[in-house]
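Q: Return a 3D structure for these sequence lines:
(2 chains)
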Amino acid sequence: MKPISVHNTHKSYGAKEAVKGISFEVHEGELFGLIGPDGAGKTTIFRILTTLLKPDGGEASVLGLDVVDGYREIRKVVGYMPGRFSLYQDLSVEENVKFFASVFGTTVDANYDLIKPIYSQLEPFKDRLAGALSGGMKQKLALSCALIHKPEVLFLDEPTTGVDAVSRKEFWQMLHRLKEENITILVSTPYMDEAEQCDRVALMQDGQILSIDTPERITKTFNNKLWAIKTENKYQLIQLLRSYKYAESVQPFGEYVHYTDKREEVQAEQIMEYLKSKGVINPTVVAIAPDIEDTFMRLMEQEENYE
Amino acid sequence: MLNEVNSRIKNKIDAFTGFVVKEFKQIYRDKRTLLVLFGMPVIQMLLFGFAIRNEVENANVMVLDASQDQVTHELINKIDASNYFTVKGEIQDYDKVEGLFQQGEIDEVLVFEADFARKLQRGERPSVNVITDASNPNLAQLIQQYSSAIIVDFQQELADEGQPQKSGIITNTNMLFNPQLESVNLFVPGLIAVILMLISTLMTSISITREKEMGNMEILLVSPLRPLQIIIGKVLPYLVLAFVNVLTILALAHWVFEVPFRGSYSLFLAESLLFIFTALALGVFISARADDQQTAMMVSLAGLLLPTVLLSGFIFPISSMPVFLQVISNIIPARWFLVIVRSIMLKDVGLLMIWKETAILGGMTLLFIVLSIKSFKERLE
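A: Numbering: from 1, shown residues only, chains lettered A, B, ... in the order given. Got it, this is the predicted structure:
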């Protein structure tokens, strides 16, 4: 019995098909990530799995319980942190935690060990109203509340969106600690760099899953040489590369532009020659190892071309 | 096994208590809500109270004196001399009365019977017709009472001067435009209805939709809480607050305005409780349908509060409404509550006399409860 199992699930809002026949399974104790841009259908999957939405077609189950028929049972054993901060802003930190403990028929003391690493950071502010907390603090509080009843499966919808870099890192450390408690975690994020924190990820786009695998293996499917190119004028560089007859893909990545070539064997000099011939002074061209973001971009492009 | 059941029940009670405590804290922290909850009843009570206690001052009087004798002249002078009335002139023709009122400058017309003085002397009882414009019923009634008092006083003086004992002046009062004068100056019942609507319906519907709007409902749904627990947990604090308000209004009415209360307090409180339930159920129903606070507020205010004020008989008597509105007034819960409360407060009637209205309110409450449970969404769609 898989903690989470989704099979050929569909969901439409009116004429818009948000989830187009998605299938995936999450193993026990796994940290599974749904990675994709806004509008990819991540939140819809979360809401189907947390029994808040009924799928239009296909099956979905949590801990062997069907999300439609077994919704009451599911609601007792899962923890859910919606994408939007949903605790009571006019209650204090402590009052929120206590309230959710009572709602789930437990007490803060009973499960204190589980939430301690997270909640202990909030305790100095326990009398502060939740609405007055910083973004990172709010997320920690929401996670504490979602964990208060020691759920078997934890659903975290974009927990790090709108949170500073340091808090994001801390948040992922907490998730790894929870994994050790054998809690199955489904997490979504629009940030590619967070994909590597997951055991396995599903890359999503436009209501479909492009690929499911470990981050390493997904990265390995990138079967071309990747170049990082930098010049004075990034906009001009993109234009030049896109009009280059050998260009396969051109993606801006921070101050660099990531580039792949259609030729089997290509040297940095050849690309530099081309750029110089177009009047670019001193281009930097370096061969780099692709990361998951490159892979995702490539998969998305292939998907678009396929369509 | 039994222990497990016990602990499960205990958990349910703890969850429910936790919910109610949370709700009270939220109300307590929301100063605006608090102001509405406790300030509104007092302010409304004082406003209405003092508006009603308006003294009559220089009401304009027209006289139709068919007798033109010494007695009528004396009486007219006496009325004119009082601070309350100013005699504006005389008319000769009864048909002009209605026109005078329509122009709006005259508040009262006094009509004296012919042969007034002679009839008095013969020991008969000549009559004065006191006609008022009851489109403002409270004022009309006050004017009549003042006029009657002056006439009685005048009669007393005549008696002292040796008029025959049996004789006397008959004062016939006649209200134009609103003869039944149903909106007697007992504004308290109407006010209770309005305030209960405001607190129970408006406040609960807003507080439930706020949970939806803030996303709280999304987590509450993904929890072992059942819809009924959520609803009752939300409603209970407002039930208590509404009841406190009933007591406040009653206390103000009794000690500040000395409004008479003839009937049974326990019956009154029981009926008030029933009406609070009706209003709460309505609030829950609205919030089950509305997705945000603004919609809930619009529906509660425009759809409920206004009809409660205008169509329940609180301000305008139902019998003077167009038939179309009279029919609509039947579906307004406050209408029935007003009948009940007025009967208890003014006429000291028992449950036997108002069982029909009570049953209608009870039926409405039940209907709203069923509708709310049916339309409460256990999912987000």
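
Q: Measure how buried residue A:173 is and give me the count.
A: Number of residues near residue A:173 (other Cβ atoms under 10 Å in any protein chain shown) recorded here: 12. Heads up, the C-betas are built off the backbone N, CA and C, glycines and all.

Q: residues of the host helix or strand of it that come out buried?
A: Using DSSP states H and E, residue A:173 sits in helix A:165-180. Residues A:167, A:168, A:170, A:171, A:172, A:174, A:175, A:178, A:179 are the ones in helix A:165-180 that count as buried (16 or more other Cβ atoms under 10 Å in any protein chain shown).

Q: Quick check: the two most widely separated of the residues you listed?
A: A:167 and A:179 (19.0 Å; Cβ to Cβ).

Q: Sketch out the low-pLDDT regions of chain B for me.
A: Applying pLDDT under 70 to chain B picks out residues B:1-2, B:49-57, B:135-138, B:162-186.

Q: give me the number of residues near the residue in the stretch 251-381 of chain B that chain A sits nearest to?
A: Residue of the stretch 251-381 of chain B nearest chain A, by Cβ to the nearest Cβ: residue B:380 (4.5 Å). For residue B:380, the count of nearby residues is 14 (other Cβ under 10 Å).

Q: what do you get for residue A:80?
A: 28.

Q: Specify the local secondary structure of it.
A: Following DSSP: H, G, I helix; E, B strand; the rest coil, we place residue A:80 in the strand state.

Q: Next, the contact list for it, please.
A: Contacts for residue A:80 were tallied using Cβ atoms under 8 Å, 6 or more residues apart in numbering or on different chains; they are A:46, A:50, A:146, A:154, A:155, A:157, B:218, B:219, B:222.

Q: most surrounded residue in these?
A: residue A:50 (28 neighbours).

Q: Correct me if wrong: that one contacts residue A:78.
A: Yes: with contacts defined as Cβ atoms under 8 Å, residue A:50 counts as touching residue A:78 at a distance of 6.4 Å.

Q: Which neighbours do these two have in common?
A: Counting by Cβ under 8 Å, 6+ apart, the common neighbours of residue A:50 and residue A:78 are A:155, B:222.

Q: hang on, the earlier thing: how about CSV for the contacts of residue A:80, with secondary structure and distance to residue B:32 added?
A: Below are the contacts of residue A:80 laid out as CSV (DSSP: H, G, I helix; E, B strand; the rest coil; distance: Cβ to Cβ, whole Å):
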residue, secondary structure, distance to residue B:32
A:46, helix, 34
A:50, coil, 33
A:146, helix, 31
A:154, strand, 37
A:155, strand, 35
A:157, coil, 32
B:218, helix, 25
B:219, helix, 25
B:222, coil, 30
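
Q: Go through the residues you listed and name the one nearest residue B:299.
A: Among the contacts of residue A:80, and counting by Cβ to Cβ, the member closest to residue B:299 is residue B:218, at 22.6 Å.

Q: and the gap between the closest one and chain A?
A: Computed as Cβ to the nearest Cβ, to the nearest Å, the residue B:218 to chain A distance reads 5 Å.

Q: excluding its backbone neighbours, what's nearest that residue?
A: residue A:82 (5.0 Å; Cβ to Cβ, 6 or more residues apart in numbering or on different chains).

Q: Tell me how many other residues surround the one you found.
A: Neighbour count for residue A:82, taken as other Cβ under 10 Å: 24.

Q: Does it touch residue B:219 like I think?
A: Yes: between residue A:82 and residue B:219 there is a contact under Cβ under 8 Å: 6.7 Å.

Q: Now do the SS call for the residue nearest the centre of chain B.
A: In chain B, the centroid-proximal residue (Cα atoms, centre = their mean) is residue B:190; its distance is 1.7 Å. Judged by three-state DSSP, the three-state class of residue B:190 is helix.
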